[in-house]
Each structure stands twice: as C-alpha cells, then as structure tokens.
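*Asks:* below are the sequence and a predicted model; questions follow.
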Amino acid sequence: MQNSLNRITFNRNILGGKPIIRNLRISVAMILELLAKGATQKEILEDYPELETEDIEAAITYAYFLVNNEEVIERK
C-alpha cells in the first residue's frame, strides 16, 4: 500500500503544489471528485489515457491515509 504512494508527487510549479499523479497535471482531488460523482475507474482511464489503474488506487490510498490521520510523508 505504501509503495503506491510513490505515484503521488508534489511540485510547486504544478497546481500550486497540490498532490498530483506522477508529476502530471492531474490532481488527486480531481480523481477523488470523479469517483465521488460516480465515475468508474474504467471511465476515468478512458477520459485520461495518461493515467494507469495504479494511479487511481494511489489516489484512494492517499485519501485513506489522510482521513485515517496517518502520517503521510511528502517525497521531495
């Protein structure tokens, strides 16, 4: 589970340093919003072909750690 968090990156020059997927201009928040609105992983992958299944799983894992009050260490 922790290894999937390697896909979550932070770059001050991309979306103001918000957590993003693999330095793409795709935020964790956007993926979570799409899922919350009922989009399936398949639909998200079709709409954003640069994403991989593991990226969506990483976004969910990241959210889990935040909600569970676990410490998430920012990789530099």
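*Replies:* Noted; the coordinates are in hand.
*Asks:* can you give me the helices for the chain?
*Replies:* Listed from the start of the chain, the chain has helices (DSSP state H) covering 28-36, 41-47, 53-67.
*Asks:* how far does the shortest one sit from its chain's centre?
*Replies:* What separates the centre of helix 41-47 from the centre of its chain is 14 Å, taken as Cα atoms, centre = their mean, to the nearest Å.
*Asks:* ditto for the first one
*Replies:* How far helix 28-36 lies from its chain's middle: 8 Å, per Cα atoms, centre = their mean.
*Asks:* worst mean pLDDT among the helices of the chain?
*Replies:* Note on the helices of the chain: helix 53-67 shows the lowest mean pLDDT, a mean of 94.
*Asks:* any chance of the helices of the chain in CSV, plus mean neighbour count?
*Replies:* C-beta coordinates here come from the backbone N, C-alpha and C atoms, glycine included. Converted to CSV, these look like this (neighbours: other Cβ atoms under 10 Å):
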stretch, mean neighbour count
helix 28-36, 17
helix 41-47, 13
helix 53-67, 17
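*Asks:* turn the ones you listed into CSV, including distance to Asn13.
*Replies:* Shown next, in CSV, are the helices of the chain (distance: least, Cβ to Cβ, whole Å):
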stretch, distance to Asn13
helix 28-36, 17
helix 41-47, 24
helix 53-67, 20
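*Asks:* quick one: terminal-to-terminal distance for stretch 17-33?
*Replies:* According to Cα to Cα, to the nearest Å, stretch 17-33 extends 18 Å from its N-terminal end residue to its C-terminal end residue.
*Asks:* need the contact partners of it.
*Replies:* The list of residues contacting stretch 17-33 from outside it, by Cβ atoms under 8 Å, 6 or more residues apart in numbering, reads 7-11, 14-15, 44, 48, 50-51, 55-56, 58-60, 62-63.
*Asks:* now do 7 Å
*Replies:* The list of residues contacting stretch 17-33 from outside it, by Cβ atoms under 7 Å, 6 or more residues apart in numbering, reads 7-11, 14-15, 44, 48, 50-51, 55-56, 59, 62-63.
*Asks:* okay then, goodbye and thanks.
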